[in-house]
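Trainee: Turn this into a model:
(2 chains)
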Amino acid sequence: DTEVTQTPKHLVMGMTNKKSLKCEQHMGHRAMYWYKQKAKKPPELMFVYSYEKLSINESVPSRFSPECPNSSLLNLHLHALQPEDSALYLCASSQTGTAGRGNSPLHFGNGTRLTVT
Amino acid sequence: GNSVTQMEGPVTLSEEAFLTINCTYTATGYPSLFWYVQYPGEGLQLLLKATKADDKGSNKGFEATYRKETTSFHLEKGSVQVSDSAVYFCALNTNAGKSTFGDGTTLTVKP
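Mentor: Next up is the predicted model:
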């Protein structure tokens, strides 16, 4: 069982819809991440929250809006997406993230499979 | 910048065969190195890690040694099983905490 929980598992949305992806971890990790993964490709970093503050935004379009309500929760708000945004969205956490020495591994959830129609 | 180069796949082996997946890296400073595995329909899971030169990471019969002189972190397993079929990603972290992933290698093990 994964220790990072993502909901929903699958999401189909139209280009005018607004939806949110949710992620939760209870390992006491202080860094949380959103990644986007296309088929047969490695994950691409979108956002990093370190100690509940946004520390990295990898030039992601504004139709993706992250939110970190507390140290255990991470949301990704979606609005006016395009079909090319269809992908697997992975949440991850790590002990120290950008504040650390880099030796903390990432703990991933099983992702939300997003289809934009 | 940092980069990770993995052996191109897909790799197809018979059960009980020896596995090697090559991984080399370019990085400034002293990165930590990781292997992650992704089973179908799941997220990535940490398989093993090494945080300094000459460290050997091991887990579930898989091993990899951090070789600074050859900037490599090759993954090996002596006898693969059908259940090892998955995509394997080599990755590095720097002090900035950002991970750099290789392109992934798909392994299929046939009975």
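
Trainee: The worst-scoring helix or strand of chain B on mean pLDDT near chain A at all?
Mentor: The least trusted helix or strand in chain B, going by mean pLDDT, DSSP states H and E, turns out to be strand B:99-101, with a mean of 93. Yes. Counting by C-beta under 8 Å from any C-beta of the partner chain, contacts between strand B:99-101 and chain A involve B:99, B:101. For the C-beta atoms, the positions are set from N, CA and C on the backbone; glycine is no exception.

Trainee: Give me the distance from that strand to the chain's centre.
Mentor: 12 Å (C-alpha atoms, centre = their mean, to the nearest Å).

Trainee: Pull out the buried positions in the helix or strand just after that strand.
Mentor: Where DSSP states H and E defines the elements, the next helix or strand beyond strand B:99-101 is strand B:105-110. For strand B:105-110, a neighbour-count test (16 or more other C-beta atoms under 10 Å in any protein chain shown) marks B:105, B:107, B:109 as buried.

Trainee: Chain A: which of those residues is nearest?
Mentor: Nearest to chain A among the buried residues of strand B:105-110, counting by C-beta to the nearest C-beta, is B:Thr105 at 10.7 Å.

Trainee: can you pull the contacts of the closest one?
Mentor: B:6-11, B:21, B:87-89 (C-beta atoms under 8 Å, 6 or more residues apart in numbering or on different chains).

Trainee: Now it. Nearest residue, chain neighbours left out?
Mentor: Closest residue to B:Thr105 apart from its sequence neighbours, by C-beta to C-beta, 6 or more residues apart in numbering or on different chains: B:Gly9 at 4.2 Å.

Trainee: if I read this right, B:Leu44 contacts A:Phe108, doesn't it?
Mentor: Yes. Using C-beta atoms under 8 Å as the test, B:Leu44 is close enough to A:Phe108 to be in contact (4.6 Å).

Trainee: which residues are common contacts for these two?
Mentor: A:90, A:92, B:36.

Trainee: Which element, helix or strand, includes the second one?
Mentor: What it means is A:Ala92. Here A:Ala92, judged by DSSP H and E, is contained in strand A:87-94.

Trainee: hmm, the helix or strand following that strand touching chain B?
Mentor: The element immediately downstream of strand A:87-94 (helix or strand, assigned by DSSP H and E) is strand A:107-108. Yes. Interface with chain B: strand A:107-108 contributes A:107-108 (C-beta under 8 Å from any C-beta).

Trainee: Please name every helix or strand in contact with strand A:107-108.
Mentor: For strand A:107-108, the packing partners by 3 or more C-beta pairs under 8 Å, 6 or more residues apart in numbering or on different chains; DSSP states H and E come out as strand A:87-94, strand B:44-50.

Trainee: quick one: stretch A:10-25 to chain centroid distance?
Mentor: On C-alpha atoms, centre = their mean, the centre of stretch A:10-25 falls 11 Å from the chain's centre.
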